[in-house]
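Peer 1: this one's sequence-less:
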């Protein structure tokens, strides 16, 4: 897509992996976050990850040196976004936080900058009024862990130009991903829309006392040959993210989604899954 500079906003695990994936693929990447502690952690994580790749023989010392030169960490969005050809937003899944971000970003980009949100739920049309050129705005949804998972969902809103969508498809391929292009916005895109049905049925079984979450996982893993059952996936992707999504759904429809009370209790107890050490499973065990 002719991209020379990429800005990734958000130093969480998803953002840093998206950024490093681009740097490994030969792009110049600048990652930023408004939390200094997060940026320090990104630097340490980068060094440890790349050292591990050398140890496994996947990269050479020279490869890593070049990658680190392409992977820049800065504290100011102005520095990260100015001159960027592509901006990838991977911040907190909260509408107000994202709107504030896009309003700020608009000061530093031009009409030619392609802007994408990595949100797994919020369609890009929600933010089209906050960027200089909405024709250059779309969803580009990576899957966790972004360095490993091949799929990228690119979602073309009615405001998104065909050129932008095609450039994003080309970019995804250039960083080793397999993109699918959605020609219109739809809640949950493809993967989450399908898996929502599985989640709903799974929660209904647990809430009605038919079986435990662990029983559901065993059934889907051994009976359907799924790599991970639904509750194991929730722990892996983040119970907190699923709760926030279902909380928004509840607020919008007035109908309590399946599993809402279970997720709310876990959210309030800080049981977010792997990231917190406990979710539907205990992740503190060695």
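Peer 2: Nice, thanks for sending it over. Keep in mind it's a predicted model, so treat the numbers as computed, not measured.

Peer 1: show me the shaky parts of this structure.
Peer 2: By pLDDT under 70, the weakly predicted segments of the chain are 1-3, 286.

Peer 1: so where do the helices sit in it?
Peer 2: Ranges of helices in the chain, per DSSP state H, are 13-24, 36-55, 61-70, 77-81, 95-105, 162-174, 191-207, 213-223, 230-237, 239-253, 260-268.

Peer 1: okay, the ones you listed in CSV with distance to residue 4 next?
Peer 2: Every residue, glycine included, has its C-beta placed from N, CA and C. Shown next, in CSV, are the helices of the chain (distance: least, Cβ to Cβ, whole Å):
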stretch, distance to residue 4
helix 13-24, 12
helix 36-55, 21
helix 61-70, 11
helix 77-81, 14
helix 95-105, 18
helix 162-174, 12
helix 191-207, 31
helix 213-223, 44
helix 230-237, 32
helix 239-253, 32
helix 260-268, 41
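
Peer 1: next, format the ones you listed as TSV and append mean neighbour count and distance to residue 183.
Peer 2: Below are the helices of the chain laid out as TSV (neighbours: other Cβ atoms under 10 Å; distance: least, Cβ to Cβ, whole Å):
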stretch	mean neighbour count	distance to residue 183
helix 13-24	24	24
helix 36-55	14	35
helix 61-70	14	33
helix 77-81	19	28
helix 95-105	16	23
helix 162-174	18	8
helix 191-207	16	15
helix 213-223	16	30
helix 230-237	23	26
helix 239-253	17	23
helix 260-268	16	32
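
Peer 1: out of these, nearest to residue 285?
Peer 2: Closest to residue 285 of the helices of the chain, according to Cβ to Cβ: helix 230-237, at 12.9 Å.

Peer 1: next, the angle from the closest one to helix 213-223.
Peer 2: For helix 230-237 against helix 213-223, the angle by axes from the mean of the first three to the mean of the last three Cα atoms, to 10 degrees is 100 degrees.

Peer 1: just checking, what packs against helix 230-237?
Peer 2: Packed against helix 230-237, as judged by 3 or more Cβ pairs under 8 Å, 6 or more residues apart in numbering; DSSP states H and E, are the following elements: helix 191-207, helix 213-223.

Peer 1: let me know which of the ones you listed is the nearest to residue 257.
Peer 2: helix 191-207 (7.4 Å).

Peer 1: what about residue 210, how many residues nearby?
Peer 2: Neighbour count of residue 210, defined by other Cβ atoms under 10 Å: 10.

Peer 1: from residue 264, how far off is it?
Peer 2: Taking Cβ to Cβ, to the nearest Å as the measure, residue 210 falls 21 Å from residue 264.

Peer 1: still on that earlier bit, the helices of the chain: which one's closest to residue 133?
Peer 2: helix 162-174 (9.2 Å).

Peer 1: just how off-centre is that closest one within its chain?
Peer 2: Taking Cα atoms, centre = their mean, to the nearest Å, one finds the center of helix 162-174 at 18 Å from the center of the full chain.

Peer 1: list the contacts of that helix.
Peer 2: Contacts to helix 162-174, defined as Cβ atoms under 8 Å, 6 or more residues apart in numbering, come from residues 1-3, 25, 86, 114, 116, 135-138, 140, 152, 154, 156, 178-179, 181.

Peer 1: out of the helices of the chain, nearest to residue 281?
Peer 2: helix 230-237 (5.5 Å).

Peer 1: the inter-axis angle of that closest one versus helix 260-268?
Peer 2: Calculated by the same axes, to 10 degrees, helix 230-237 forms an angle of 30 degrees with helix 260-268.

Peer 1: who's in contact with helix 230-237?
Peer 2: 144, 195, 198-199, 202, 213-214, 216-217, 220-221, 228, 242, 273-274, 279-281, 283.
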